[in-house]
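Asks: Below are the sequence and a predicted model for it; my questions follow.
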Amino acid sequence: MTATIGTTERPLRAAIVGAGPSGFYTAAALLKQEVTVTVDMFERLIAQRGLVRYGVAPDHQNIKAVAKTYDRTAAEPTFRYFGNVEFGKDITHAELKEHYDAIFYTTGAQSDRHLSIPGEDLPNSMSATEFVAWYNGHPDYQHLKIDLSCEAAVVVGVGNVAMDVARILAKSVDELADSDMADYALAALAKSNIKDIYIVARRGPAQVKFTNAEIREMGHLAVADAIVLDSELRLDRASSAAIEGDTSMQKNLDYLRAFAEIGVTGKPRRVHFRFLLSPVEIIGENGKIVAVKMEKNELRPAVSGDIKPSGTGQYETIPAGLVLRSVGYKGVPLEGVPFDQRHGVIPNEVGRVIDLDTGKTVTGEYVAGWIKRGPNGVIGTNKPDAIESVNSMLEDLQKGKLTPAPEPDPTAVPALLQARGVRYVTQEEWKVIEAKEVADGKAHGKPRIKLVEPAAMLALLDK
Ligand code: NAP
(Lines give C-alpha, C1' and ligand atoms only; values in the text may rest on other atoms or scores of the structure.)
Protein backbone atom coordinates (compact mmCIF):
# COMPACT_ATOMS: atom_id res chain seq x y z
CA MET A 1 0.00 0.00 0.00
CA THR A 2 1.38 3.44 -0.86
CA ALA A 3 1.81 5.81 2.07
CA THR A 4 -0.36 8.93 2.33
CA ILE A 5 1.31 12.13 1.13
CA GLY A 6 2.22 14.47 3.97
CA THR A 7 3.30 11.82 6.47
CA THR A 8 6.76 11.05 7.86
CA GLU A 9 6.84 7.91 5.69
CA ARG A 10 5.95 9.90 2.57
CA PRO A 11 6.44 13.65 3.09
CA LEU A 12 4.78 16.01 0.67
CA ARG A 13 7.53 16.98 -1.75
CA ALA A 14 7.41 20.65 -2.71
CA ALA A 15 9.65 22.40 -5.23
CA ILE A 16 10.05 26.17 -5.15
CA VAL A 17 11.40 27.92 -8.23
CA GLY A 18 13.05 31.22 -7.25
CA ALA A 19 14.95 32.03 -4.05
CA GLY A 20 13.71 35.56 -3.43
CA PRO A 21 11.48 36.82 -0.61
CA SER A 22 8.31 35.15 -1.92
CA GLY A 23 10.20 31.84 -2.29
CA PHE A 24 11.37 31.98 1.30
CA TYR A 25 7.95 32.99 2.65
CA THR A 26 6.47 30.06 0.70
CA ALA A 27 9.08 27.71 2.17
CA ALA A 28 8.44 29.02 5.69
CA ALA A 29 4.68 28.55 5.31
CA LEU A 30 5.15 25.02 3.94
CA LEU A 31 7.50 23.93 6.70
CA LYS A 32 5.16 25.21 9.42
CA GLN A 33 2.34 22.83 8.49
CA GLU A 34 1.17 19.82 10.48
CA VAL A 35 1.55 17.68 7.39
CA THR A 36 5.16 16.69 6.80
CA VAL A 37 6.65 18.64 3.93
CA THR A 38 10.12 18.71 2.41
CA VAL A 39 11.15 21.73 0.37
CA ASP A 40 13.67 21.87 -2.46
CA MET A 41 14.35 25.43 -3.64
CA PHE A 42 15.80 26.02 -7.11
CA GLU A 43 17.52 29.27 -8.06
CA ARG A 44 19.16 30.32 -11.34
CA LEU A 45 21.80 32.39 -9.55
CA ILE A 46 24.26 31.07 -7.01
CA ALA A 47 23.27 33.65 -4.41
CA GLN A 48 19.87 33.46 -2.80
CA ARG A 49 17.51 36.20 -1.46
CA GLY A 50 16.53 37.79 -4.79
CA LEU A 51 15.59 41.43 -4.39
CA VAL A 52 16.85 41.57 -0.81
CA ARG A 53 20.35 41.12 -2.22
CA TYR A 54 20.01 42.56 -5.73
CA GLY A 55 17.13 45.04 -5.45
CA VAL A 56 16.93 46.70 -2.04
CA ALA A 57 19.10 49.83 -2.01
CA PRO A 58 22.55 49.29 -0.46
CA ASP A 59 21.99 52.26 1.87
CA HIS A 60 18.85 50.56 3.25
CA GLN A 61 20.54 47.84 5.27
CA ASN A 62 17.71 47.78 7.81
CA ILE A 63 15.38 46.38 5.13
CA LYS A 64 17.92 43.63 4.37
CA ALA A 65 17.76 42.43 7.99
CA VAL A 66 14.73 40.36 6.94
CA ALA A 67 17.24 37.86 5.50
CA LYS A 68 17.68 36.49 9.05
CA THR A 69 14.22 34.97 8.89
CA TYR A 70 15.04 33.41 5.50
CA ASP A 71 18.16 31.88 7.05
CA ARG A 72 16.04 30.33 9.81
CA THR A 73 13.84 28.70 7.19
CA ALA A 74 16.85 27.51 5.19
CA ALA A 75 18.35 25.95 8.32
CA GLU A 76 15.41 23.53 8.67
CA PRO A 77 16.54 19.94 8.05
CA THR A 78 13.67 19.48 5.60
CA PHE A 79 14.88 22.35 3.39
CA ARG A 80 17.40 21.95 0.55
CA TYR A 81 18.87 24.67 -1.65
CA PHE A 82 19.84 24.10 -5.28
CA GLY A 83 21.51 27.34 -6.39
CA ASN A 84 22.98 27.78 -9.87
CA VAL A 85 20.17 25.68 -11.35
CA GLU A 86 18.13 27.27 -14.11
CA PHE A 87 14.55 26.14 -14.49
CA GLY A 88 13.87 25.16 -18.12
CA LYS A 89 17.54 24.50 -18.83
CA ASP A 90 19.22 22.60 -15.99
CA ILE A 91 15.95 21.10 -14.81
CA THR A 92 12.75 21.04 -16.82
CA HIS A 93 9.12 21.50 -15.99
CA ALA A 94 8.48 17.82 -16.82
CA GLU A 95 11.26 16.73 -14.46
CA LEU A 96 9.87 18.77 -11.58
CA LYS A 97 6.45 17.15 -12.22
CA GLU A 98 8.17 13.77 -12.08
CA HIS A 99 9.81 14.41 -8.70
CA TYR A 100 7.49 16.75 -6.77
CA ASP A 101 3.88 16.67 -5.63
CA ALA A 102 3.59 20.46 -5.66
CA ILE A 103 5.54 23.16 -7.51
CA PHE A 104 5.56 26.82 -6.46
CA TYR A 105 6.77 29.48 -8.90
CA THR A 106 8.19 32.47 -7.08
CA THR A 107 10.34 34.06 -9.77
CA GLY A 108 9.31 37.68 -9.17
CA ALA A 109 9.33 40.26 -11.93
CA GLN A 110 12.70 40.16 -13.64
CA SER A 111 12.05 42.54 -16.50
CA ASP A 112 10.69 46.07 -16.76
CA ARG A 113 8.17 48.19 -18.59
CA HIS A 114 9.13 50.47 -21.44
CA LEU A 115 8.07 54.00 -22.36
CA SER A 116 7.89 53.21 -26.10
CA ILE A 117 9.12 56.64 -27.15
CA PRO A 118 11.74 57.65 -29.75
CA GLY A 119 15.29 57.61 -28.42
CA GLU A 120 14.56 55.07 -25.69
CA ASP A 121 17.21 52.73 -27.13
CA LEU A 122 20.02 55.29 -27.07
CA PRO A 123 23.07 54.41 -24.95
CA ASN A 124 22.63 55.70 -21.37
CA SER A 125 18.86 55.28 -21.52
CA MET A 126 18.02 52.25 -19.40
CA SER A 127 15.61 50.89 -16.88
CA ALA A 128 16.06 51.70 -13.22
CA THR A 129 15.94 47.91 -12.75
CA GLU A 130 19.20 47.56 -14.69
CA PHE A 131 20.87 50.43 -12.85
CA VAL A 132 19.79 48.93 -9.50
CA ALA A 133 21.10 45.49 -10.47
CA TRP A 134 24.40 47.11 -11.58
CA TYR A 135 25.10 48.92 -8.32
CA ASN A 136 23.98 45.90 -6.32
CA GLY A 137 26.53 43.60 -7.97
CA HIS A 138 24.08 41.37 -9.88
CA PRO A 139 26.31 39.08 -11.99
CA ASP A 140 24.24 39.67 -15.16
CA TYR A 141 24.56 43.47 -14.91
CA GLN A 142 28.10 44.03 -13.64
CA HIS A 143 29.28 45.05 -17.13
CA LEU A 144 26.40 47.45 -17.82
CA LYS A 145 27.70 50.49 -19.67
CA ILE A 146 26.69 53.59 -17.77
CA ASP A 147 28.15 57.01 -18.42
CA LEU A 148 28.04 59.32 -15.39
CA SER A 149 30.09 62.08 -17.02
CA CYS A 150 27.00 64.14 -17.89
CA GLU A 151 25.66 66.85 -15.60
CA ALA A 152 21.99 65.87 -15.40
CA ALA A 153 19.87 62.72 -15.20
CA VAL A 154 16.15 62.21 -15.69
CA VAL A 155 14.35 59.55 -13.66
CA VAL A 156 10.91 58.77 -15.06
CA GLY A 157 8.28 57.66 -12.51
CA VAL A 158 7.64 58.46 -8.86
CA GLY A 159 7.61 55.09 -7.11
CA ASN A 160 10.06 53.87 -4.48
CA VAL A 161 12.43 52.49 -7.13
CA ALA A 162 12.66 55.99 -8.65
CA MET A 163 13.47 57.32 -5.19
CA ASP A 164 16.16 54.68 -4.71
CA VAL A 165 17.98 55.41 -7.97
CA ALA A 166 17.68 59.19 -7.59
CA ARG A 167 19.01 58.99 -4.02
CA ILE A 168 21.97 56.84 -5.07
CA LEU A 169 22.84 59.39 -7.76
CA ALA A 170 22.42 62.24 -5.26
CA LYS A 171 24.48 60.80 -2.42
CA SER A 172 28.16 61.40 -1.93
CA VAL A 173 30.49 58.42 -1.92
CA ASP A 174 31.05 59.04 1.80
CA GLU A 175 27.35 58.40 2.38
CA LEU A 176 27.54 55.11 0.46
CA ALA A 177 30.97 53.83 1.48
CA ASP A 178 29.75 51.78 4.46
CA SER A 179 27.07 49.98 2.40
CA ASP A 180 27.30 46.71 0.46
CA MET A 181 27.23 48.45 -2.92
CA ALA A 182 29.45 46.73 -5.50
CA ASP A 183 32.98 48.16 -5.46
CA TYR A 184 32.99 48.94 -9.19
CA ALA A 185 29.75 50.92 -8.81
CA LEU A 186 31.10 52.89 -5.87
CA ALA A 187 34.23 53.70 -7.90
CA ALA A 188 32.13 54.83 -10.88
CA LEU A 189 29.84 56.94 -8.67
CA ALA A 190 32.90 58.55 -7.06
CA LYS A 191 33.70 60.00 -10.48
CA SER A 192 30.11 60.99 -11.26
CA ASN A 193 29.62 64.44 -12.68
CA ILE A 194 25.86 64.43 -12.21
CA LYS A 195 24.60 67.47 -10.33
CA ASP A 196 20.94 67.66 -11.28
CA ILE A 197 18.56 64.73 -10.97
CA TYR A 198 15.04 65.28 -12.28
CA ILE A 199 12.37 62.93 -10.94
CA VAL A 200 9.52 63.28 -13.40
CA ALA A 201 5.90 62.34 -12.69
CA ARG A 202 3.27 62.10 -15.40
CA ARG A 203 0.56 62.93 -12.84
CA GLY A 204 0.50 65.31 -9.88
CA PRO A 205 1.85 65.36 -6.32
CA ALA A 206 -1.33 63.71 -5.01
CA GLN A 207 -0.69 60.63 -7.21
CA VAL A 208 2.88 59.82 -6.19
CA LYS A 209 3.66 56.17 -5.46
CA PHE A 210 6.58 56.62 -3.07
CA THR A 211 6.16 56.16 0.67
CA ASN A 212 6.78 58.57 3.56
CA ALA A 213 10.15 57.22 4.68
CA GLU A 214 11.56 57.49 1.16
CA ILE A 215 10.48 61.10 0.58
CA ARG A 216 11.63 62.11 4.08
CA GLU A 217 15.15 60.87 3.27
CA MET A 218 15.36 63.28 0.34
CA GLY A 219 15.37 66.12 2.85
CA HIS A 220 18.43 64.72 4.63
CA LEU A 221 20.95 64.32 1.84
CA ALA A 222 24.42 65.63 2.68
CA VAL A 223 25.26 67.07 -0.72
CA ALA A 224 21.90 67.50 -2.46
CA ASP A 225 18.96 69.86 -2.07
CA ALA A 226 15.44 68.56 -2.74
CA ILE A 227 13.67 71.03 -5.00
CA VAL A 228 9.95 71.32 -5.66
CA LEU A 229 8.20 74.08 -7.57
CA ASP A 230 5.47 75.67 -5.50
CA SER A 231 3.39 76.14 -8.66
CA GLU A 232 3.34 72.36 -9.23
CA LEU A 233 1.98 71.59 -5.77
CA ARG A 234 -1.45 73.14 -6.31
CA LEU A 235 -4.04 70.39 -6.36
CA ASP A 236 -7.02 70.23 -8.66
CA ARG A 237 -10.41 69.54 -7.11
CA ALA A 238 -10.54 65.85 -8.02
CA SER A 239 -7.07 65.18 -6.56
CA SER A 240 -7.91 67.01 -3.30
CA ALA A 241 -11.08 64.96 -2.96
CA ALA A 242 -9.30 61.70 -3.80
CA ILE A 243 -6.75 62.03 -0.99
CA GLU A 244 -9.12 63.22 1.72
CA GLY A 245 -8.42 61.11 4.81
CA ASP A 246 -5.34 59.54 3.19
CA THR A 247 -2.84 60.39 5.93
CA SER A 248 0.09 58.81 4.14
CA MET A 249 -0.47 60.90 0.99
CA GLN A 250 -1.04 64.02 3.12
CA LYS A 251 2.31 63.38 4.76
CA ASN A 252 3.99 63.00 1.36
CA LEU A 253 2.52 66.37 0.41
CA ASP A 254 3.76 67.92 3.65
CA TYR A 255 7.31 66.84 2.79
CA LEU A 256 7.02 68.16 -0.76
CA ARG A 257 5.65 71.49 0.56
CA ALA A 258 8.51 71.70 3.05
CA PHE A 259 11.02 71.17 0.22
CA ALA A 260 9.34 73.92 -1.82
CA GLU A 261 9.60 76.26 1.15
CA ILE A 262 13.24 75.51 1.94
CA GLY A 263 14.28 75.81 -1.71
CA VAL A 264 17.89 75.85 -2.81
CA THR A 265 20.40 76.00 0.03
CA GLY A 266 23.45 75.81 -2.20
CA LYS A 267 24.38 72.14 -1.91
CA PRO A 268 26.39 70.97 -4.94
CA ARG A 269 23.67 68.59 -6.20
CA ARG A 270 19.95 68.98 -6.63
CA VAL A 271 17.05 66.49 -6.76
CA HIS A 272 14.21 68.16 -8.65
CA PHE A 273 10.67 66.81 -8.35
CA ARG A 274 8.68 67.70 -11.46
CA PHE A 275 5.00 66.96 -11.97
CA LEU A 276 2.52 66.64 -14.84
CA LEU A 277 5.15 65.82 -17.45
CA SER A 278 5.30 62.82 -19.81
CA PRO A 279 8.50 62.11 -21.73
CA VAL A 280 7.72 62.00 -25.45
CA GLU A 281 11.24 61.79 -26.88
CA ILE A 282 14.77 61.16 -25.68
CA ILE A 283 16.86 63.46 -27.85
CA GLY A 284 20.31 62.28 -28.96
CA GLU A 285 23.18 63.97 -30.74
CA ASN A 286 26.02 61.91 -32.19
CA GLY A 287 24.66 58.85 -30.39
CA LYS A 288 24.58 60.56 -26.98
CA ILE A 289 21.55 61.65 -25.01
CA VAL A 290 21.39 65.44 -24.70
CA ALA A 291 17.84 66.12 -23.51
CA VAL A 292 14.39 64.71 -22.82
CA LYS A 293 11.37 66.31 -24.43
CA MET A 294 8.31 66.30 -22.20
CA GLU A 295 4.68 67.03 -22.88
CA LYS A 296 2.90 68.95 -20.14
CA ASN A 297 -0.15 67.16 -18.80
CA GLU A 298 -3.34 68.09 -17.07
CA LEU A 299 -5.37 65.71 -14.93
CA ARG A 300 -8.74 64.31 -15.88
CA PRO A 301 -10.94 62.19 -13.63
CA ALA A 302 -11.91 59.04 -15.54
CA VAL A 303 -15.24 57.20 -15.27
CA SER A 304 -13.38 54.42 -13.44
CA GLY A 305 -12.58 56.89 -10.64
CA ASP A 306 -8.90 57.07 -11.62
CA ILE A 307 -7.31 60.43 -12.19
CA LYS A 308 -5.53 60.24 -15.55
CA PRO A 309 -2.92 62.44 -17.24
CA SER A 310 -3.86 64.06 -20.50
CA GLY A 311 -1.40 65.82 -22.83
CA THR A 312 -1.89 69.58 -23.34
CA GLY A 313 0.14 69.92 -26.54
CA GLN A 314 2.65 72.10 -24.68
CA TYR A 315 6.22 70.89 -24.37
CA GLU A 316 9.27 71.40 -22.18
CA THR A 317 12.79 70.10 -22.75
CA ILE A 318 15.09 69.08 -19.91
CA PRO A 319 18.79 68.85 -20.83
CA ALA A 320 20.17 65.54 -19.52
CA GLY A 321 22.65 62.82 -20.49
CA LEU A 322 21.25 59.86 -18.54
CA VAL A 323 17.68 58.55 -18.50
CA LEU A 324 16.45 55.95 -16.05
CA ARG A 325 12.91 54.77 -16.63
CA SER A 326 11.38 53.65 -13.38
CA VAL A 327 7.89 52.83 -14.53
CA GLY A 328 7.45 49.37 -13.05
CA TYR A 329 8.84 45.85 -13.19
CA LYS A 330 7.41 43.07 -15.36
CA GLY A 331 7.37 39.28 -14.99
CA VAL A 332 8.91 36.96 -17.60
CA PRO A 333 7.42 33.64 -18.79
CA LEU A 334 8.77 30.28 -17.62
CA GLU A 335 9.18 27.28 -19.89
CA GLY A 336 6.04 25.12 -19.87
CA VAL A 337 4.11 27.37 -17.47
CA PRO A 338 1.04 29.42 -18.48
CA PHE A 339 1.71 33.16 -18.77
CA ASP A 340 -0.50 36.22 -19.01
CA GLN A 341 1.52 38.47 -21.36
CA ARG A 342 -0.66 41.49 -20.83
CA HIS A 343 -0.17 41.65 -17.08
CA GLY A 344 3.24 39.96 -16.97
CA VAL A 345 2.10 37.37 -14.41
CA ILE A 346 1.35 33.64 -14.20
CA PRO A 347 -2.46 33.46 -14.37
CA ASN A 348 -3.83 32.08 -11.11
CA GLU A 349 -6.77 31.80 -8.81
CA VAL A 350 -5.79 32.33 -5.18
CA GLY A 351 -2.31 31.09 -6.11
CA ARG A 352 -3.43 28.06 -8.18
CA VAL A 353 -1.95 28.25 -11.68
CA ILE A 354 -4.62 28.50 -14.38
CA ASP A 355 -4.30 27.06 -17.88
CA LEU A 356 -5.39 29.96 -20.11
CA ASP A 357 -6.63 27.62 -22.86
CA THR A 358 -8.97 25.57 -20.68
CA GLY A 359 -9.56 28.06 -17.87
CA LYS A 360 -8.95 25.18 -15.45
CA THR A 361 -6.39 24.98 -12.64
CA VAL A 362 -3.16 23.10 -13.37
CA THR A 363 -2.84 20.23 -10.89
CA GLY A 364 -0.07 20.68 -8.33
CA GLU A 365 1.23 24.03 -9.60
CA TYR A 366 1.10 27.25 -7.59
CA VAL A 367 2.50 30.74 -7.68
CA ALA A 368 3.40 33.41 -5.12
CA GLY A 369 4.84 36.92 -4.98
CA TRP A 370 5.23 39.41 -7.84
CA ILE A 371 4.86 36.73 -10.55
CA LYS A 372 1.45 35.98 -8.98
CA ARG A 373 0.03 39.45 -8.31
CA GLY A 374 2.29 41.88 -10.21
CA PRO A 375 5.14 44.10 -9.01
CA ASN A 376 3.58 45.90 -6.09
CA GLY A 377 3.89 46.08 -2.33
CA VAL A 378 6.91 45.92 -0.05
CA ILE A 379 8.92 42.80 0.79
CA GLY A 380 6.67 41.89 3.73
CA THR A 381 3.60 41.93 1.44
CA ASN A 382 4.88 38.65 0.04
CA LYS A 383 4.40 36.83 3.33
CA PRO A 384 0.58 36.78 3.47
CA ASP A 385 0.60 36.32 -0.30
CA ALA A 386 2.73 33.16 0.03
CA ILE A 387 0.63 31.85 2.93
CA GLU A 388 -2.49 32.23 0.76
CA SER A 389 -0.94 30.11 -2.00
CA VAL A 390 0.28 27.45 0.45
CA ASN A 391 -3.23 27.29 1.93
CA SER A 392 -4.64 26.68 -1.56
CA MET A 393 -2.23 23.78 -1.98
CA LEU A 394 -3.17 22.32 1.43
CA GLU A 395 -6.83 22.53 0.54
CA ASP A 396 -6.10 20.64 -2.68
CA LEU A 397 -4.13 18.04 -0.71
CA GLN A 398 -7.01 17.53 1.70
CA LYS A 399 -9.48 17.18 -1.15
CA GLY A 400 -7.25 14.58 -2.84
CA LYS A 401 -6.63 16.88 -5.80
CA LEU A 402 -2.85 16.50 -5.87
CA THR A 403 -1.28 13.91 -8.13
CA PRO A 404 1.54 12.12 -6.25
CA ALA A 405 4.95 12.52 -7.90
CA PRO A 406 5.80 9.33 -9.84
CA GLU A 407 9.41 9.47 -8.57
CA PRO A 408 9.52 10.87 -5.01
CA ASP A 409 12.97 9.55 -4.03
CA PRO A 410 14.79 12.62 -2.56
CA THR A 411 18.13 11.44 -3.95
CA ALA A 412 16.84 11.39 -7.53
CA VAL A 413 17.09 15.13 -8.24
CA PRO A 414 20.67 15.65 -7.00
CA ALA A 415 21.63 12.54 -8.99
CA LEU A 416 19.93 13.91 -12.10
CA LEU A 417 21.73 17.27 -11.79
CA GLN A 418 25.07 15.61 -11.17
CA ALA A 419 24.63 13.30 -14.15
CA ARG A 420 23.91 16.37 -16.25
CA GLY A 421 27.06 18.12 -15.03
CA VAL A 422 25.16 20.90 -13.27
CA ARG A 423 27.33 22.39 -10.48
CA TYR A 424 24.52 23.13 -8.05
CA VAL A 425 25.26 25.07 -4.89
CA THR A 426 23.85 23.76 -1.61
CA GLN A 427 22.71 25.71 1.43
CA GLU A 428 25.94 24.86 3.26
CA GLU A 429 27.95 26.13 0.31
CA TRP A 430 25.96 29.33 0.09
CA LYS A 431 26.77 29.93 3.77
CA VAL A 432 30.49 29.54 2.94
CA ILE A 433 30.17 32.26 0.28
CA GLU A 434 28.23 34.46 2.64
CA ALA A 435 30.75 34.02 5.46
CA LYS A 436 33.54 35.13 3.14
CA GLU A 437 31.56 38.19 2.02
CA VAL A 438 30.76 39.20 5.59
CA ALA A 439 34.36 38.66 6.76
CA ASP A 440 35.71 40.73 3.87
CA GLY A 441 33.17 43.45 4.67
CA LYS A 442 34.05 43.50 8.35
CA ALA A 443 37.67 44.25 7.51
CA HIS A 444 36.47 47.37 5.64
CA GLY A 445 33.65 48.54 7.92
CA LYS A 446 30.92 47.29 5.56
CA PRO A 447 28.10 44.78 6.08
CA ARG A 448 29.69 42.63 3.36
CA ILE A 449 31.71 42.84 0.19
CA LYS A 450 29.74 40.94 -2.39
CA LEU A 451 31.33 38.37 -4.61
CA VAL A 452 29.98 39.28 -8.02
CA GLU A 453 31.51 36.81 -10.48
CA PRO A 454 29.85 33.36 -10.39
CA ALA A 455 33.26 31.89 -11.23
CA ALA A 456 34.78 33.53 -8.13
CA MET A 457 32.01 32.06 -5.97
CA LEU A 458 32.55 28.58 -7.36
CA ALA A 459 36.34 28.91 -7.08
CA LEU A 460 35.91 29.63 -3.37
CA LEU A 461 33.87 26.44 -2.98
CA ASP A 462 36.01 24.21 -5.15
CA LYS A 463 39.47 25.28 -3.99
P1 NAP B 1 5.48 51.77 -8.75
O2 NAP B 1 5.38 52.06 -7.31
O3 NAP B 1 4.34 51.08 -9.39
O4 NAP B 1 5.75 53.16 -9.51
C5 NAP B 1 5.79 53.24 -10.89
C6 NAP B 1 5.79 54.69 -11.33
O7 NAP B 1 5.92 54.74 -12.72
C8 NAP B 1 4.51 55.43 -10.98
O9 NAP B 1 4.83 56.74 -10.57
C10 NAP B 1 3.78 55.47 -12.34
O11 NAP B 1 2.93 56.57 -12.49
C12 NAP B 1 4.95 55.63 -13.26
N13 NAP B 1 4.64 55.23 -14.65
C14 NAP B 1 4.15 54.06 -15.10
N15 NAP B 1 4.05 54.08 -16.44
C16 NAP B 1 4.49 55.29 -16.84
C17 NAP B 1 4.63 55.93 -18.10
N18 NAP B 1 4.31 55.29 -19.22
N19 NAP B 1 5.11 57.20 -18.14
C20 NAP B 1 5.45 57.83 -17.01
N21 NAP B 1 5.33 57.30 -15.78
C22 NAP B 1 4.86 56.05 -15.70
O23 NAP B 1 6.74 50.86 -9.10
P24 NAP B 1 8.24 50.79 -8.55
O25 NAP B 1 8.75 52.10 -8.13
O26 NAP B 1 8.94 50.02 -9.60
O27 NAP B 1 8.12 49.87 -7.25
C28 NAP B 1 7.62 48.53 -7.31
C29 NAP B 1 7.20 48.10 -5.91
O30 NAP B 1 8.38 47.92 -5.11
C31 NAP B 1 6.35 49.13 -5.20
O32 NAP B 1 5.34 48.50 -4.48
C33 NAP B 1 7.33 49.81 -4.28
O34 NAP B 1 6.76 50.41 -3.13
C35 NAP B 1 8.25 48.65 -3.91
N36 NAP B 1 9.55 49.16 -3.45
C37 NAP B 1 9.67 49.47 -2.14
C38 NAP B 1 10.85 50.02 -1.67
C39 NAP B 1 10.94 50.37 -0.22
O40 NAP B 1 10.14 49.92 0.57
N41 NAP B 1 11.90 51.18 0.17
C42 NAP B 1 11.92 50.25 -2.52
C43 NAP B 1 11.77 49.94 -3.88
C44 NAP B 1 10.57 49.40 -4.33
P45 NAP B 1 1.32 56.40 -12.43
O46 NAP B 1 0.99 56.32 -10.97
O47 NAP B 1 0.83 57.62 -13.10
O48 NAP B 1 0.99 55.11 -13.16
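Replies: Right, received. Where do you want to start? Residues are numbered from 1 along each chain as shown.
Asks: drop to CA atoms for contacts and neighbour counts, all remaining ones
Replies: Will do.
Asks: Show me which residues of the stretch 351-463 of the chain sit near the ligand.
Replies: Residues of the stretch 351-463 of the chain lying close to the ligand by C-alpha under 6 Å from any ligand atom are 375-378.
Asks: Is it possible to get a markdown table of these that adds pLDDT?
Replies: Converted to a markdown table, those look like this (pLDDT from 0 to 100):
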| residue | pLDDT |
| --- | --- |
| 375 | 96 |
| 376 | 95 |
| 377 | 94 |
| 378 | 94 |
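Asks: Nearest to residue 80, out of the residues you listed: which one, please.
Replies: The closest of those to residue 80 turns out to be residue 378 (C-alpha to C-alpha; 26.2 Å).
Asks: From residue 158, how far off is the closest one?
Replies: Taking C-alpha to C-alpha, to the nearest Å as the measure, residue 378 falls 15 Å from residue 158.
Asks: Residue 50 too?
Replies: Distance from residue 50 to residue 158, counting by C-alpha to C-alpha: 23 Å.
Asks: Comparing these two, which residue is more hemmed in?
Replies: When residue 50 and residue 158 are compared for neighbours, residue 158 comes out ahead with 25 against 22, by other C-alpha atoms under 10 Å.
Asks: which residues touch that one?
Replies: Contacts were defined as C-alpha atoms under 8 Å, 6 or more residues apart in numbering; by that measure residue 158 touches 199-201, 208-210, 326-327.
Asks: Sort out for me which of the residues you listed are in strands.
Replies: When the contacts of residue 158 are checked against strands (DSSP state E), the matches are 199-200.
Asks: on that earlier part again, name the member of the residues of the stretch 351-463 of the chain next to the ligand with the most neighbours.
Replies: Ranked by the number of neighbours (other C-alpha under 10 Å), these place residue 375 first, at 20 neighbours.
Asks: Which residue comes closest to that one once chain neighbours are left out?
Replies: residue 329 (5.9 Å; C-alpha to C-alpha, 6 or more residues apart in numbering).
Asks: can you tell me which residues contact that neighbour?
Replies: Counting by C-alpha under 8 Å, 6+ apart, residue 329 makes contact with 109-113, 129, 375.
Asks: if you go through the stretch 301-450 of the chain in chain order, where are the helices?
Replies: Listed from the start of the chain, the stretch 301-450 of the chain has helices (DSSP state H, counting those that start in this stretch) covering 370-373, 382-398, 412-420, 427-442.
Asks: my bad, should have said the stretch 1-150 of the chain
Replies: Taking DSSP H, counting those that start in this stretch as the criterion, the stretch 1-150 of the chain carries its helices at 21-31, 51-54, 61-64, 67-74, 93-99, 128-135.
Asks: now those helices in JSON lines, with mean pLDDT, mean neighbour count and distance to residue 439?
Replies: Rendered in JSON lines, the data for those read as follows (pLDDT from 0 to 100; neighbours: other C-alpha atoms under 10 Å; distance: least, C-alpha to C-alpha, whole Å):
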{"stretch": "helix 21-31", "mean pLDDT": "98", "mean neighbour count": "27", "distance to residue 439": "24"}
{"stretch": "helix 51-54", "mean pLDDT": "98", "mean neighbour count": "21", "distance to residue 439": "17"}
{"stretch": "helix 61-64", "mean pLDDT": "95", "mean neighbour count": "14", "distance to residue 439": "17"}
{"stretch": "helix 67-74", "mean pLDDT": "98", "mean neighbour count": "16", "distance to residue 439": "17"}
{"stretch": "helix 93-99", "mean pLDDT": "98", "mean neighbour count": "17", "distance to residue 439": "36"}
{"stretch": "helix 128-135", "mean pLDDT": "98", "mean neighbour count": "23", "distance to residue 439": "20"}
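Asks: Distance to residue 295 for those - can I get that in JSON lines?
Replies: As requested, these are exported to JSON lines (distance: least, C-alpha to C-alpha, whole Å):
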{"stretch": "helix 21-31", "distance to residue 295": "38"}
{"stretch": "helix 51-54", "distance to residue 295": "33"}
{"stretch": "helix 61-64", "distance to residue 295": "36"}
{"stretch": "helix 67-74", "distance to residue 295": "43"}
{"stretch": "helix 93-99", "distance to residue 295": "46"}
{"stretch": "helix 128-135", "distance to residue 295": "21"}
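Asks: So for residue 308, which of the ones you listed sits nearest?
Replies: When the helices of the stretch 1-150 of the chain are compared by C-alpha to C-alpha, helix 128-135 sits nearest residue 308, at 23.3 Å.
Asks: what does the next helix or strand after that closest one rub up against?
Replies: Note on helix 128-135: by DSSP states H and E, the next helix or strand toward the C-terminus is strand 152-156. Identification of contacts with strand 152-156 by C-alpha under 8 Å, 6+ apart yields 162, 165-166, 194-201, 279, 292, 319-327.
Asks: Quickly run through the sheet partners of the helix or strand of the chain with the lowest mean pLDDT, with directions.
Replies: Least confident helix or strand of the chain, by mean pLDDT, DSSP states H and E, is strand 111-112 with a mean of 92. Each strand that pairs with strand 111-112, with its direction, by DSSP bridges: strand 329-330 (antiparallel).
Asks: Output the set of residues of the stretch 51-200 of the chain in proximity to the ligand.
Replies: In this structure, the stretch 51-200 of the chain approaches the ligand at residues 115, 156-162, judged by C-alpha under 6 Å from any ligand atom.
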